[in-house]
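S.K.: I'd like to go over a predicted model; first the sequence, then the structure.
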Amino acid sequence: MRMSKLDIDWVRGQFPAFEQPGLQGQAFFENAGGSYPCRPVFERLTRFYRERKVQPYAPYAVSELAGAEMDEARARLAAILGVATDELSFGPSTSANTYVLAQAFRGWLPKGAAIVVTDQDHEANSGAWRRLAAEGIELREWKIDRDTGHLDPAALSALLEDGKVKLVCFPHCSNVVAEINPVAEIVALAHAAGAVTCVDGVSYAPHGLPDVGALGADIYLFSAYKTYGPHQGIMVIRRALGEALPNQGHYFNGDTLYKRFTPAGPDHAQVAASAGMADYLDALAAHHGGAGLAAGERGALAHDLMRSHEVALLQPLLDYLAARNDLRLLGPRRAEGRAPTVAVACDRPGEALAAELAPLGIMAGGGDFYGVRPLQAMGIDPAHGVLRMSFVHYTSAEEVTKLIRALDEVL
């Protein structure tokens, strides 16, 4: 029988961090910077280093096992994301992956082309693209609303009208505003104008891997280490675009789609360990009645379970913060329309507030979180920063209650 409510006790049992003595009594609210890894990732990484740490794909048994585990990670994650296996590739980080992609576009964009970037993005999906202006590419900025941080698709339409835009870069959701942008709608607007899209999914993917095939994005980027996995960047590049862009890898690897945008060899052990992310999502779906479903359906069930749990926990926190007159809550006030990444601006610097919460058992962060541009666009001094409290589906209702009590004390 399929369960509609997340079994939080089962979930927390899949994360070794909750068993560690040094973390007892500590509520982790800095997940947007990096989540706890799940048990299968630990186990696969340890096994690879202990038993498989040889050059993969050689014709001897242990090497064949190493290569098979790397291939497994790519195949299973691609299936969950709704794309072909070779449309998914690994790199050292999302920032590095985006930089490599920008170099590819630099050699591909025609003379007189324009690109669109936003001021809602983390710098990883902004700076690398903005540097193309030095190469003669016209840069157009899709600006957020100063008060709400909202990206209005109607404003994008105006930027696309003359047909010069060939690339639109935007976030699935911002790491400080947290509003979930209508990706499929934005992609459709861009495609209708003859542009391709690059979506930064780093702040969304931890809350449930999306069906990238259904969204229609040409490029979708996210970070495994924020999605219960090892420190790798994962990117989906759909075939038509990936084959059109100039190869950035070794020339003799240019015929392999997933090698075209990874100039350096990937971290074999961490790629193999990324299959543990799929292990966890499959187990989560199976535990909640989804055994026997296809990979994409299991991923969708896990996504929905995560989101429903997060929304239920998030709304009381948003209500509490919105009712205070001594802080500014960034982003939407309804949990359904945002990720559980909650930034607030106060008279006191964000880092100072985070430091005051720490002795109360709250692990949160303060600063600009590389979201310098969105903070400036909303009139917030990045040097002063914001307090950011971010959680995921393994967070409990008791921990949110603890956070609210701690905020009451320090505010």
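M.R.: Perfect, I can see it now. Keep in mind it's a predicted model, so treat the numbers as computed, not measured.
S.K.: quick one: the strands in the stretch 201-350 of the chain?
M.R.: 219-223, 233-237, 327-329, 341-346 (DSSP state E, counting those that start in this stretch).
S.K.: Residue 43 is nearest to which of the ones you listed?
M.R.: Relative to residue 43, the nearest member of those by CB to CB is strand 233-237, separated by 19.7 Å. Backbone N, C-alpha and C define where each C-beta goes, glycine included.
S.K.: Now do that closest one, average pLDDT.
M.R.: In this model, strand 233-237 has an average pLDDT of 98.
S.K.: now what about that strand, what contacts it?
M.R.: The contact list for strand 233-237 (CB atoms under 8 Å, 6 or more residues apart in numbering) reads 77-78, 81, 83, 87-97, 101, 212, 217-224, 245, 257, 260-261, 274.
S.K.: Could you break this protein into its assigned domains?
M.R.: 8-37+296-410, 45-277 (automatic domain parsing).
S.K.: Determine how far the last one lies from the middle of the whole chain.
M.R.: If I follow you right, that is domain 45-277. For domain 45-277, the separation from the chain centroid amounts to 10 Å (computed by CA atoms, centre = their mean, to the nearest Å).
S.K.: end to end, how far does it reach?
M.R.: 11 Å (CA to CA, to the nearest Å).
S.K.: Hmm, residue 40 is touching residue 281, no?
M.R.: No. Residue 40 is beyond contact range of residue 281, at 9.7 Å (criterion: CB atoms under 8 Å).
S.K.: residue ranges of the helices in the stretch 51-200 of the chain, please?
M.R.: 61-81, 94-106, 127-130, 153-160, 183-192 (DSSP state H, counting those that start in this stretch).
S.K.: who's more crowded, residue 40 and residue 281?
M.R.: Neighbour totals were compared for residue 40 and residue 281, and residue 281 leads with 27 against 21 (other CB atoms under 10 Å).
S.K.: what's the burial count for the residue nearest to the more buried one when sequence neighbours are not counted?
M.R.: Nearest non-adjacent residue to residue 281, counting by CB to CB, 6 or more residues apart in numbering: residue 302, 4.5 Å away. By other CB under 10 Å, the residues close to residue 302 number 25.
S.K.: One more: residue 19?
M.R.: 11.
S.K.: give me phi/psi at it?
M.R.: Per-residue torsions, residue 19: phi -100, psi -10 (degrees, to the nearest 10).
S.K.: same deal with residue 193?
M.R.: The phi/psi pair for residue 193 (degrees, to the nearest 10) is phi -90, psi 10.
S.K.: and it, what does it touch?
M.R.: 160, 161, 163, 165.
S.K.: Tell me the one among those residues nearest to residue 319.
M.R.: residue 160 (37.5 Å).
S.K.: For the closest one, give me its contacts.
M.R.: 116, 168, 189, 190, 193, 195.
S.K.: gap between it and residue 191?
M.R.: 10 Å (CB to CB, to the nearest Å).
S.K.: residue ranges with poor pLDDT in this structure?
M.R.: The chain contains residues with pLDDT under 70 at 1.
S.K.: list the helices and strands the lengthiest helix in it packs on?
M.R.: Criterion DSSP state H: the longest helix present in the chain is helix 295-322. If you count contacts as 3 or more CB pairs under 8 Å, 6 or more residues apart in numbering; DSSP states H and E, helix 295-322 packs onto helix 61-81, helix 275-285, strand 327-329, strand 341-346, helix 397-410.
S.K.: ok, now how distant is the residue most central in space within the chain from residue 400?
M.R.: When CA atoms, centre = their mean is applied to the chain, the residue found nearest the centroid is residue 202 (1.6 Å). From residue 202 over to residue 400 the distance is 23 Å, taken as CB to CB.
S.K.: The helices of the stretch 51-200 of the chain into a markdown table, with extra columns for distance to residue 396?
M.R.: Shown next, in a markdown table, are the helices of the stretch 51-200 of the chain (distance: least, CB to CB, whole Å):
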| stretch | distance to residue 396 |
| --- | --- |
| helix 61-81 | 25 |
| helix 94-106 | 28 |
| helix 127-130 | 37 |
| helix 153-160 | 36 |
| helix 183-192 | 29 |
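S.K.: out of these, nearest to residue 374?
M.R.: Here helix 127-130 is closest among these (CB to CB), at 13.3 Å.
S.K.: which residues does the nearest residue to residue 123 once chain neighbours are set aside contact?
M.R.: Leaving out its chain neighbours, the residue that sits closest to residue 123 by CB to CB, 6+ apart is residue 370, at 4.6 Å. With contact set as CB under 8 Å, 6+ apart, residue 370 has these partners: 122, 123, 124, 175.
S.K.: Give me the phi and psi angles of residue 370.
M.R.: Per degrees, to the nearest 10, the backbone of residue 370 is at phi 60, psi 20.
S.K.: what angle do the longest helix of the chain and strand 341-346 make?
M.R.: 20 degrees (axes from the mean of the first three to the mean of the last three CA atoms, to 10 degrees).
S.K.: buried set for helix 295-322?
M.R.: Neighbour counts over helix 295-322 (16 or more other CB atoms under 10 Å) mark 295-296, 298-303, 305-311, 313-315, 317-318, 321 as buried.
S.K.: Can you get me a residue count around residue 275?
M.R.: 22.
S.K.: ok now do it, which residues does it touch?
M.R.: 40, 44, 69, 72, 73, 76, 77.
S.K.: Once you drop chain neighbours, what's closest to it?
M.R.: residue 73 (3.9 Å).
S.K.: Contact partners for the one you found?
M.R.: Applying CB under 8 Å, 6+ apart, the residues near residue 73 are 90, 271, 272, 273, 274, 275, 277, 278.
S.K.: Would you check how far apart it and residue 332 are?
M.R.: 34 Å.
S.K.: what number of residues lie near the closest residue to residue 283 other than its chain neighbours?
M.R.: Residue nearest to residue 283 in three dimensions, not counting chain neighbours: residue 14, with 7.1 Å by CB to CB, 6+ apart. The local packing of residue 14 (other CB under 10 Å) involves 18 other residues.
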